[in-house]
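**Student:** Structural data only, the sequence is not supplied:
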């Protein structure tokens, strides 16, 4: 076997425990008994397949895909990168979904009661499919921070949620991406549950001026690695993919 393509098992020590008191919600949501491995059926593994025909022309443009009377308020950014396997090979044809708060830190969701206003021109979600080189990109506004009920004064840094699908709905990985230079990152109780510093760093997108649009839009680069020692941390797959 070519050593460059040899499978490298995920280091589970990088992952936070399922129950982490610093993040109070995990105390009630996290499992307190040993996990049970459930085998996928053939239909779950083999389909349905995703294709470009299911995408709309503005699905990866969060600035325009919900606009009604104008464009949304906020700092315009491009997020781009690649989806890679554990040997740094590109993975094409992957459905990537993303959702986020608006520039004021509020989600367009009935359960979000934060005082920041709803932006009528921003829906906060989109999707795209990676090309043959594993590349994805989308345009959006940078999400704002927001407080949440954990400790007395806990705030979430600016972040975007990601969902990555395999060949079917049962093969789904979920994670979050942060922005380089955000001072709230080191104070985030959720990110602090990840014990490994290098693993936390892999969740932070880096400023990419080469991909930016002069006088218009900054760009950030963030690669998603599906498994191996350099894997992106996923919220719902602690045992490997």
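**Tutor:** Great, that's in hand. Keep in mind that what you see is a predicted model, and the values were worked out from it rather than measured.
**Student:** Strands along this structure, start to end?
**Tutor:** Taking DSSP state E as the criterion, the chain contains strands spanning 76-84, 95-99, 125-129, 135-141, 146-147, 155-156, 159-165, 172-179, 204-207, 218-221, 224-225.
**Student:** Low-confidence regions, the chain specifically.
**Tutor:** Under the criterion pLDDT under 70, the flagged ranges of the chain are 1-15, 38, 40, 43-52, 168-169, 236-241.
**Student:** before we move on, back to that, the strands of the chain: which one's closest to residue 25?
**Tutor:** Residue 25 sits nearest to strand 155-156 of all the strands of the chain, at 12.4 Å, using CB to CB. Bear in mind the C-beta positions are built from the backbone N, C-alpha and C, glycine included.
**Student:** helices or strands next to that closest one in the packing?
**Tutor:** Strand 155-156 is packed against strand 146-147, with contacts defined by 3 or more CB pairs under 8 Å, 6 or more residues apart in numbering; DSSP states H and E.
**Student:** Just give me how far the strand it packs on sits from the chain centre.
**Tutor:** Its chain's C-alpha centre and that of strand 146-147 lie 18 Å apart, by CA atoms, centre = their mean, to the nearest Å.
**Student:** likewise stretch 188-197?
**Tutor:** Between the centre of stretch 188-197 and the centre of its host chain there is 16 Å, according to CA atoms, centre = their mean.
**Student:** Then stretch 110-126?
**Tutor:** The answer for stretch 110-126 is 18 Å, by CA atoms, centre = their mean.
**Student:** end to end, how far does that stretch reach?
**Tutor:** Start to finish, the residues bounding stretch 110-126 are 19 Å apart (CA to CA, to the nearest Å).
**Student:** Let me see the contact set for residue 39.
**Tutor:** Under the criterion of CB atoms under 8 Å, 6 or more residues apart in numbering, residue 39 has no neighbours.
**Student:** Point to the residue nearest the middle of this structure.
**Tutor:** By CA atoms, centre = their mean, the chain has its centre lying nearest to residue 162, at 2.7 Å.
**Student:** correct me, but it touches residue 172?
**Tutor:** No - Residue 162 is beyond contact range of residue 172, at 10.7 Å (criterion: CB atoms under 8 Å).
**Student:** hang on, the earlier thing: quick one: closest of the strands of the chain to residue 22.
**Tutor:** Closest to residue 22 of those is strand 155-156 (CB to CB; 14.0 Å).
**Student:** Mind listing the strands the closest one pairs with, and their directions?
**Tutor:** Strand 155-156 pairs in its sheet with strand 146-147 (antiparallel), by DSSP bridges.
**Student:** Dump the strands of the chain to TSV, plus distance to residue 114.
**Tutor:** As requested, the strands of the chain are exported to TSV (distance: least, CB to CB, whole Å):
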stretch	distance to residue 114
strand 76-84	21
strand 95-99	16
strand 125-129	17
strand 135-141	16
strand 146-147	5
strand 155-156	11
strand 159-165	15
strand 172-179	18
strand 204-207	23
strand 218-221	24
strand 224-225	28
